[in-house]
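Trainee: here is the input, now give the coordinates:
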Amino acid sequence: VTRPGRKHGQPDVEIPVAEDLASVPGVPQNPVDVAFYSREYPLETQAIEKSADRQWAVKTYPKDMSEFLDGHDARMKPMYEEGLVSADVKPTGAPVAGEDLTEDIRRLARNLEFGEVGFTKHDRHYTFSGKKRWAKFEHAICLAYEQDYRMTQTGPGPEADRARFETYEVEQAGCLKIAEYIRSRGYRAQVHDGYDCSGPYIPLFVAAGLGQLGANGQLLSPHFGSRARLMLVTTDAPVTYDEPVDYGIHKFCQECQVCVNRCPGRALVRDKVWWRGVEKNKVIYDRCRPVMVTFHGCAVCMIVCPVQRYGMKPVMEHYVETGDVLGKGTDNLERYSIEGKGDFGTGELPQFDREFFEIPHGREEEWLFEKFKEKLSAEGVPSESELVEFASDVKKVLDKGETTFDIA
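Mentor: Residues are numbered from 1 along each chain as shown. I've put the predicted structure just below:
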């Protein structure tokens, strides 16, 4: 597989794919099933479907990040608000008949230091229910911005956490510039936020040939694996679509399994399953979320991935030469520390009690009713003041309405 260099202007990179790792471009899928589940059981954002744990997450998130996040939120808010209405902004230039903007946009994005840039159909099978009326335009520009390497390797911890949030700030500004450029060429553009996602972005990135889905549930791209933040810009500008690629990741992850074995919350599953028409490794949300929130976003599954640590080219070259996974079984790749729990080398995992994983489930209003039923069953009919308090809590949730924005 030949890919552009890591930075704009650098030579192309050739990545070998071992014969025993070859499968299909992109991801194995059944388009009929994908369409069925999208129609009958449409996807919804975690911020709505799992809203019960949002307030818990805000209260639980490490307090040493409070000051930083206040500043981060202040910097992000105007860019977020600009993105929300970006589809409504009229073009500032006039289009030229017969032109194709693909390479002009790609060149601009690379100059803005996006490490991966691809073009594909804006597949609305992967648009959240709460965003279907908001999301516009038929073409998707997939943009991945690399997260700082050194800071990321320090995770889980505040430095790696800051790297995550700082990357969102830079790429949000970059996407707004790309949208502005597209308008200057006579077309419309819409910026899809990195937090307030319009859907799961990874299927579009896979379709655009920018990587494949890893066992950790993240996009593994050629230069930096999953150490990147993903955003979309959709547009009605004329562009040419890229094609999905088989990097060998689909089968490589089954050989590797380092992230599965090293996950602190045991949230990753070894075997692939067919889910909503796609063959993939599923992540167990209820075992992932408590660890992520409590320990600075965790990201152990990112940190111990050899493709993230060493890059896809060295990893695949090593596999072709030896049949082994580079770094597997070594502390250089697999060791990590968790504040308050200790240092964990190869084969060692932290222990958590059952209560650690007992977090609010489902939608916020559903969780309130669930806790009310438990109280009613355990203590009998509540007092009038308790009923009033319960009704007041439910009303607050209903008055607040549904929001798709959630940074925790």
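
Trainee: tell me which residues of the longest helix along the chain are tucked away?
Mentor: In the chain, assigned by DSSP state H, the helix with the most residues is helix 158-184. Residues 158, 160-172, 174-176, 178-179, 181-183 are the ones in helix 158-184 that count as buried (16 or more other CB atoms under 10 Å). (Each C-beta comes from the backbone N, C-alpha and C, glycine too.)

Trainee: and what of stretch 40-49?
Mentor: Of the residues in stretch 40-49, those buried by neighbour count under the rule 16+ other CB under 10 Å are Leu43, Glu44, Thr45, Ala47, Ile48, Glu49.

Trainee: just to be sure, the fifth one is in a helix?
Mentor: Yes: checked against DSSP: H, G, I helix; E, B strand; the rest coil, Ile48 lies within a helix.

Trainee: that one contacts Cys197, doesn't it?
Mentor: No: Ile48 lies out of contact with Cys197 (CB atoms under 8 Å); the separation is 11.6 Å.

Trainee: picking up where we left off before, Lys341: which of the buried residues of stretch 40-49 is nearest?
Mentor: Among these, Ala47 lies closest to Lys341 (CB to CB), at 28.3 Å.

Trainee: how near is that closest one to Asp193?
Mentor: According to CB to CB, to the nearest Å, Ala47 and Asp193 sit 11 Å apart.

Trainee: check Ala163 too.
Mentor: As judged by CB to CB, Ala163 and Asp193 stand 19 Å apart.

Trainee: turn the buried residues of stretch 40-49 into a markdown table, columns for distance to Met151.
Mentor: A markdown table is the format used below for these (distance: CB to CB, whole Å):
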| residue | distance to Met151 |
| --- | --- |
| Leu43 | 32 |
| Glu44 | 32 |
| Thr45 | 28 |
| Ala47 | 26 |
| Ile48 | 31 |
| Glu49 | 31 |
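
Trainee: in TSV: these, plus distance to Ile303 and pLDDT.
Mentor: Formatted as TSV, the buried residues of stretch 40-49 follow (distance: CB to CB, whole Å; pLDDT from 0 to 100):
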residue	distance to Ile303	pLDDT
Leu43	28	95
Glu44	29	94
Thr45	26	91
Ala47	25	87
Ile48	29	89
Glu49	27	91
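
Trainee: determine which two of those are furthest apart.
Mentor: Once CB to CB is applied, the buried residues of stretch 40-49 give Leu43 and Ala47 as the farthest pair, at 12.4 Å.

Trainee: where's Glu169 relative to Arg162, distance?
Mentor: To Arg162, Glu169 is 10 Å away according to CB to CB.

Trainee: so Arg309 belongs to a strand, correct?
Mentor: No: remark: Arg309 does not belong to a strand; assigned using three-state DSSP, it is helix.

Trainee: isn't it up against Ile303?
Mentor: Yes: counting by CB under 8 Å, Arg309 touches Ile303, with 7.4 Å between them.

Trainee: which residues do these two both contact?
Mentor: Residues within reach of Arg309 and of Ile303 at once, by CB atoms under 8 Å, 6 or more residues apart in numbering, are Gln153.

Trainee: and what about Glu81, helix, strand or coil?
Mentor: helix.

Trainee: check contacts around Arg75.
Mentor: Applying CB under 8 Å, 6+ apart, the residues near Arg75 are Glu169.

Trainee: quick check: pLDDT value at it.
Mentor: At Arg75, the predicted lDDT confidence score is 96.

Trainee: any idea how far it lies from Ala163?
Mentor: When distance is defined by CB to CB, Arg75 is 15 Å away from Ala163.

Trainee: how is this structure divided into domains?
Mentor: Using automatic domain parsing, the domains assigned to the chain come out as 1-362, 364-400.

Trainee: which positions within the helix or strand hosting Lys371 qualify as buried?
Mentor: Following DSSP states H and E, the helix or strand that holds Lys371 is helix 364-379. For helix 364-379, a neighbour-count test (16+ other CB under 10 Å) marks Glu364, Glu365, Trp367, Leu368, Phe372 as buried.
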